[in-house]
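S.K.: The sequence isn't on hand, but the structure is:
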């Protein structure tokens, strides 16, 4: 039986890239849950001002979080376009250690 090779820089890069990809997906799941929570708060408010305001606040924060994610991604893409540095690709060290897609 062949022993597994020791983990190195490339495996660490793959792990961190997977964590980043997972966190983006998780953020969209949280956004969806927040939308559902806002809808439930709205439907169960009974027309009262305080619960309606809470539902509106939940909805506002959900969209604000989504907006911040989009703006952060756009800033990274602009930095990449202006400098030519691939900041959206995770890399530890120098070119020989960078993962290619």
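M.R.: That came through, no problem. Computed from a predicted model, the values in this text were never measured in an experiment.
S.K.: Just want the most central residue of this protein.
M.R.: The centre of the chain sits closest to residue 24, judged by Cα atoms, centre = their mean, with a distance of 2.6 Å.
S.K.: secondary structure element for that one?
M.R.: Assigned by DSSP states H and E, residue 24 falls within helix 9-43.
S.K.: by contact count, what packs against that helix?
M.R.: helix 49-83 (3 or more Cβ pairs under 8 Å, 6 or more residues apart in numbering; DSSP states H and E). To be clear about C-beta, it is placed using only N, CA and C from the backbone, and glycine gets the same treatment.
S.K.: Next, the buried residues of the helix it packs on.
M.R.: Residues of helix 49-83 classed as buried: 54, 55, 58, 59, 62, 66 (neighbour count, 16 or more other Cβ atoms under 10 Å).
S.K.: same for it, what does it pack against?
M.R.: Contact partners of helix 49-83 among helices and strands, from 3+ Cβ pairs under 8 Å, 6+ apart: helix 9-43.
S.K.: Distance from the chain centre to the helix it packs on, please.
M.R.: 6 Å (Cα atoms, centre = their mean, to the nearest Å).
S.K.: Kindly report the same for stretch 66-86.
M.R.: Using Cα atoms, centre = their mean, the distance between the centre of stretch 66-86 and that of its chain works out at 13 Å.
S.K.: what's the average pLDDT for it?
M.R.: For stretch 66-86, the mean pLDDT works out to 89.
S.K.: List of residues touching it?
M.R.: For stretch 66-86, the external contacting residues (Cβ atoms under 8 Å, 6 or more residues apart in numbering) are 24, 27, 31, 87, 88.
S.K.: mind listing what the first one touches?
M.R.: I take that to be residue 24. Residues in contact with residue 24 (Cβ under 8 Å, 6+ apart) are residue 69.
S.K.: can we see that at 6 Å?
M.R.: Residue 24 makes contact with no residue, according to Cβ atoms under 6 Å, 6 or more residues apart in numbering.
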